[in-house]
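# Prediction below, plus the sequence it came from.
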Amino acid sequence: MRITGTNIYSLLHCSHAVALDLHEDRSKRRRITEPEEFVRKRGRDWEDRFVATLEDYQEPSFERGDFESGAAQTLAFLREGVAGVTQGVLMEDDRLGIPDLLRRESGDSELGDFHYVVGDIKSSGRPRSDQVLQVAFYSRMLARLQGRDPEYGYLILKTGEERRFVLADYAAAITEVEESVLQLARDPSQSRPFFGRGCSGCHWSEICIPEMHAGDDLSLLQGMTRGVRTTLEERGFENCESLHSMLVDSESKATHLESALLRRLKQSALARTSGEPIRQERGAQPDLENAAVIHHLYDAFSDRLLYIGAQYPAREDGEVFEECPKSADEELASFERVIDQLPRKTPVLHYSDALPRWYSETSGGSVELEARFVDLARRARGVAVYQGPVFGVAQHVQYLLGVDPHREGEADAAAMWSSKAEGEQWLLNKGRSDLLDLCGIVDVVVEHSLSEDH
Amino acid sequence: MLRREEDGEARSVRDMRALPAEDRALEGECIQGVVFRRQAGQNRFEFEASENMSKFRVGDSVLVGDGVDFEDAVSMEFCGYDADRDTLSLGRDPWARSQLYEFEIDGSYCVDRRPLGIRGRLQQVVQDGFANELVRSVLEGNHEVRCDEDRKQRALDSLSKVSLNEVQVRAGAMAIATESLAIVQGPPGTGKTRLLAEILGALCGAGCRIALSAFTHRAVDNVLLALRKRDPDLALFKLGSKNDEILRRAGVRSANPRRGGFPLSKCVVAGTSFALAKLPEAETFHFTVFDEAGQLPIPHAMAGMLLAKRWIFVGDHAQLPPVITSHHVDRDATVSIFEHLHNNYGSEMLDVTYRMNGPLSKVIGDAFYGGRIKSAVPDCRMPFTPGGKYDEILTPDKSVVIARVDHSQPGMRSPEEADLVGELVYELRTQHGVDATEIAVLAPFRAQVRLCRSALQRRSVPDQEDIVVDTVERMQGQEREVILISLAVGDPDALSSRAAFFFSTNRLNVAMSRARSKVILVASEGAFRGLPMDPDSLRAASLFKSLFRTLPHGVG
């Protein structure tokens, strides 16, 4: 069995997914959704467009699965000293790598008075650690092939910008990750699922999520970490329900875990069983009264604001102000027109910091407007102990309001919809539905409208 | 930047107050369920608190109330927490004279942070700074650095006669001769305070009037005391100082910045940025000298820059950076004045450490300074008498060692590590005779600092009051024979949310480089296993992993 660059990349997200990728039957993966296919296709198209700009690059040609042939051709290209190789194959007994780019650089190696460095083409606007480690993994294989360590690796971002990084800076990290993946290749039983942010989007979700629910896994609780799960399991708390009877103070003494954390986990277990959040006492929320909510739909690949909407007052019958900017040039003006329709000095409630960040990065920021922003996510977090982990607005809507946050579609599908003829209407429907949900959250936060029974 | 920082602080306080007290406590911003017991003297109030995970430190401003209604809460000063007696001490707020302090005996209260919002004072200074053509061109990187060659030669001659090394002489002469800008990087223990004293002494000797600034009072005081040692008669003034006894005995006069009226030559007027910003406009100086400029944000430096047309910056951007609390689109606005100028104009780096022994300086040099640090005291070793329980960890043959105590703590405290710290310090004192004043225990979080302090008390470590137990930030500029660092976190999952703070190479550099001969990292393997998604944090995490792989281990 060979580990791949994809395994390295995935380990940062979930070690159990890596174990399944290495050992499980691929047909058990869930089907790819239409928006996911749309995103993948755009990534492939971007890669093709970039590769088309490269001159004198070679690409090995081989039958599907015949990596030996691909590796032999790649080595031949490298020995020949070609300007670069796309989709080259690097292969060892226990490793397989297919980097997007191998680029010739001057400086001696066993190949001659030149050597190669590794690059990968990405659809993101900023480098991420998983991408860096994937390139570092390929670079180590390349180093063994050419008898010289490349000094740097690089990522081509979606803007075409090349970002380099010094490979030596990440040496210990890639060593650890490689060892972990090789260990999973030898023994998959070391991994087990942990319910996290990425689970719902993972291709193994139809295997892992039911498994965790069936076992009432502790990771289904708000505030759980792997370390705490291990500690609690060692103390005999093997599922959520078992926490109902936990004596917090004595367990805190026995485990050295903070009693506030254990109290919170016990409440979370009770909320999970009841299926309802448990309301928390908290301070007054003066800046949420007479406020507006604001919301946006965004295409992260093309950095496009597709929809901007506000509702004032932030309640069900509040007036909606909204726009769908047609181009990047119109986005800031659209945003400002929407804001201008709100009464001056009105607090502007947003969920998470994505929109304020977009605004300050796009406009340079207005201190006056920024002072009006209030993050509803933090306020919603303080309302209750929830019946499950909260990763974003979808869970707050689901847990606090009991409605399906995706009833008008998923926000991640906005880019796909915007490419269709009926896209604008979809964006407006989705935007209004989301605004209404945000108003519902505001209502709960301000009015303390959770049942007193809880 | 200043407005954003101030607004950001206000917003984070509002957001924090929107959380239930339990959540605030888990974030270290609140102490829940404290019970009022008694008033201990005129200004001191004692509460019982069985658990304190807060980040509060002595002198912090806090609010005491029901944890829900902050309008009616009482403003007080945090005076300390005794974990063994479960006693929290709060004092009257010196700035709230009409405040009533009426607490119900056995009544339960919440203690929350109270924001200060002092950054606004510097806003005018920043406007003036950007209106000043010279300051602006320097900050924009367009300035042509100039020096007086004759003066430089004279400075080289005179500095060569005092006991400075070659690089110190070169850097000092460059600073003395500058007609605009001099930048000196001083890694740990490389004698930058000593060099600064020589530079200031030489400039004052030539009739100059100098403004001296740093981000902290401690840094300002250190330079003043070093200067006093070199020159017993020089006129030294400290702005806005609270009658500091040590300064007073050293003949440093306390001065009100608003009054001005200092001698026109041969004097040093010193203070923090805030104090310098209060000096009358007519007060000008031949030079402004900045120490620990690596901690000084650009707006804060402007107050000092406007006082003169020649500037000397001494600092180290590989040590603690400025404290920035808000998100800023413009990253340049958040780096220190030192890093900004270093990136634009380069700097002279002092490369001989008089503090760290050979093996320690090698680890620090390789990890943080590209291998460019040499030790002037390569063979320095801590006292050691074999036969103790922890010889494997405490042997001076291992100048940097990891004392393993594996746990999975996800928060900001680990009782397991604190217990081991107590044991190790006890053995250092009783078995090996290391002086209490030569030991410091550092931790990234205040909650862990408190646990470590309690552990020393429980273990009855002799003269424990002389042992510094604090966060890294409080130790910059100081040194000890032995440094113990408790990393506290053992759960890699928990590290991902604190990656930027925890995996700070600057903080690790400062913590480790306080030692002269021995560093003990008390940690769980989990502290080295984090894989943050941000590449900058991953680079730092990779350094942690590298240390874990290469340093010797001992089991605690």
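Perfect, I can see it now.

# So for the residue in the stretch 51-200 of chain B positioned nearest to chain A, what's the pLDDT?
Among the residues of the stretch 51-200 of chain B, B:Val68 lies nearest to chain A; the distance is 4.9 Å by C-beta to the nearest C-beta. Placement of C-beta: from N, CA and C, glycine included. Per-residue confidence for B:Val68 comes out at a pLDDT of 81.

# Can you classify it by secondary structure?
When states are read from DSSP: H, G, I helix; E, B strand; the rest coil, the local structure at B:Val68 comes out as coil.

# Wait, it touches A:Gln280, no?
No: counting by C-beta atoms under 8 Å, B:Val68 does not reach A:Gln280; the two are 10.7 Å apart.

# More neighbours: those two, which one.
Set side by side, B:Val68 and A:Gln280 give different neighbour counts by other C-beta atoms under 10 Å in any protein chain shown, the larger being at A:Gln280 (19 against 15).

# Surely the more buried one and A:Ala380 touch.
No: assessed by C-beta under 8 Å, A:Gln280 is found out of contact with A:Ala380, at 11.3 Å.

# gap between the residue of the stretch 51-200 of chain B closest to chain A and A:Arg263?
18 Å (C-beta to C-beta, to the nearest Å).

# and the stretch 251-400 of chain A, which of its residues are near chain B?
Remark: the part of the stretch 251-400 of chain A in contact with chain B comprises A:256-261, A:263-264, A:280-285, A:287, A:353, A:357, A:360-361, A:364-365, A:367, A:370-371, A:373-375, A:378-379, A:381-382, using C-beta under 8 Å from any C-beta of the partner chain.

# Show the low-confidence segments of chain B, by residue range.
Counting by pLDDT under 70, the ranges of chain B that qualify are B:1-9, B:94-97, B:116-123, B:241-243, B:324-333.

# for the residue most central in space within it, helix, strand, or coil?
Centroid-nearest residue in chain B, with C-alpha atoms, centre = their mean: B:Glu473, separated by 3.3 Å. Following three-state DSSP, B:Glu473 is assigned to helix.

# Check B:Cys110 too.
Each residue gets one of three states, and B:Cys110 gets strand by three-state DSSP.

# wait, isn't it in contact with B:Glu22?
No: no contact is recorded between B:Cys110 and B:Glu22 when judged using C-beta under 8 Å, the distance being 10.2 Å.

# coming back round to it: surely the residue nearest to the centre of chain B is in contact with B:Leu320?
Yes: taking C-beta under 8 Å as the definition, B:Glu473 is a contact partner of B:Leu320 at 6.4 Å.

# Buried ones among the residues of the stretch 251-400 of chain A next to chain B?
Neighbour-count burial within these applies to A:256-261, A:263-264, A:280, A:282-283, A:285, A:287, A:360, A:365, A:370-371, A:373-375, A:378-379, A:381-382; the criterion is 16 or more other C-beta atoms under 10 Å in any protein chain shown.

# Which of those residues fall in strands?
When DSSP state E defines the strands, the subset of those inside them is A:373-375.

# and the residue nearest to the centre of chain B, what does it touch?
Each residue near B:Glu473 by C-beta atoms under 8 Å, 6 or more residues apart in numbering or on different chains is listed here: B:Leu320.

# go on, the one 4 residues further on?
Contact analysis of B:Gly477 by C-beta under 8 Å, 6+ apart lists B:193, B:218-219, B:222, B:292.

# ok, of those residues, which one's closest to B:Val469?
B:Arg218 (17.1 Å; C-beta to C-beta).

# Show me the common contact partners of B:Cys110 and B:Glu22, please.
A shared contact of B:Cys110 and B:Glu22, defined by C-beta under 8 Å, 6+ apart, is any residue touching both; here these are B:Gln32.

# so where's the longest helix in chain A?
helix A:423-447 (DSSP state H).

# And the residue of the stretch 351-454 of chain A that's closest to chain B?
The stretch 351-454 of chain A approaches chain B most closely through A:Gly382 (4.0 Å), counting by C-beta to the nearest C-beta.

# Find the nearest non-adjacent residue to that residue, please.
Taking C-beta to C-beta, 6 or more residues apart in numbering or on different chains as the measure, A:Gly382 lies nearest to B:Leu19, with 4.0 Å between them; neighbours along the chain are not counted.

# Please, which helix or strand holds that neighbour?
Here B:Leu19, judged by DSSP states H and E, is contained in no helix and no strand.

# So B:Val434 sits against B:Met382, correct?
Yes: with contact taken as C-beta under 8 Å, B:Val434 and B:Met382 are classed as touching, separated by 6.0 Å.

# Overlap of the contact sets of the two?
Common contacts of B:Val434 and B:Met382, defined by C-beta under 8 Å, 6+ apart, comprise B:481-482.

# Which residues of the stretch 301-450 of chain B lie near chain A?
Residues of the stretch 301-450 of chain B that fall close to chain A, judged by C-beta under 8 Å from any C-beta: B:327, B:329, B:407-411, B:413-416.

# who touches B:Gly260 in this structure?
Taking C-beta under 8 Å, 6+ apart as the definition of contact, the neighbours of B:Gly260 are B:279-280, B:282-283.

# Got the phi and psi for it?
Recorded main-chain torsions at B:Gly260 are phi 60, psi -150, according to degrees, to the nearest 10.

# same question, the one 4 residues further on
Its backbone dihedrals place B:Leu264 at phi -80, psi -10, with angles given as degrees, to the nearest 10.

# For burial, what's the neighbour tally of the closest residue to it other than its chain neighbours?
Once flanking residues are discounted, B:Leu264 sits nearest to B:Arg209: 6.1 Å by C-beta to C-beta, 6+ apart. By the criterion of other C-beta under 10 Å, B:Arg209 has 22 neighbours.

# Ignoring the adjacent residues along the chain, who's closest to the closest residue to chain B within the stretch 1-150 of chain A?
Among residues of the stretch 1-150 of chain A, the one nearest chain B by C-beta to the nearest C-beta turns out to be A:Ser129. It sits 4.1 Å away. Taking C-beta to C-beta, 6+ apart, and ignoring the residues beside it in sequence, A:Ser129 has B:Leu538 as its nearest neighbour in space, at 4.1 Å.

# next SSE after the helix or strand encompassing the one you found?
When secondary structure is defined using DSSP H and E, the element that contains B:Leu538 is helix B:535-550. Past helix B:535-550, further along toward the C-terminus, the next helix or strand under DSSP H and E is strand B:553-555.

# Each with direction, which strands does that following strand pair with?
Using DSSP bridges, the strands paired with strand B:553-555 in its sheet are strand B:400-404 (parallel).

# Report the angle between the strand it pairs with and helix B:535-550.
Orientation note: strand B:400-404 sits at an angle of 90 degrees relative to helix B:535-550 (axes from the mean of the first three to the mean of the last three C-alpha atoms, to 10 degrees).

# got any ranges where chain A has weak pLDDT?
For chain A, applying pLDDT under 70 flags the ranges A:283-284, A:286-287, A:365, A:448-454.

# In it, what residue comes closest to chain B?
Minimum separation of chain A from chain B (C-beta to the nearest C-beta) falls at A:Gly227, amounting to 3.0 Å.

# sorry, back to before: chain A: which of the contacts of B:Gly260 is nearest?
Chain A lies nearest to B:Leu279 out of these, by C-beta to the nearest C-beta, at 27.4 Å.

# quick one: the helices in the stretch 251-400 of chain A?
In the stretch 251-400 of chain A, the helices defined using DSSP state H, counting those that start in this stretch lie at A:259-274, A:328-340, A:354-363, A:367-370, A:376-383, A:393-396.

# out of the ones you listed, deepest packed?
helix A:376-383 (a mean of 22; mean count of other C-beta atoms under 10 Å in any protein chain shown).

# Just want the angle from it to helix A:423-447.
Going by the same axes, to 10 degrees, helix A:376-383 is angled at 40 degrees with respect to helix A:423-447.

# OK, now which residue of the stretch 151-300 of chain B is nearest to chain A?
B:Pro299 (14.1 Å).

# Helix or strand: which one has the residue nearest to A:Arg2 when sequence neighbours are not counted?
With C-beta to C-beta, 6+ apart as the criterion, A:Arg2 has its nearest non-adjacent residue at 4.2 Å, and that residue is A:Leu96. Counting by DSSP H and E, the element that carries A:Leu96 is strand A:95-97.
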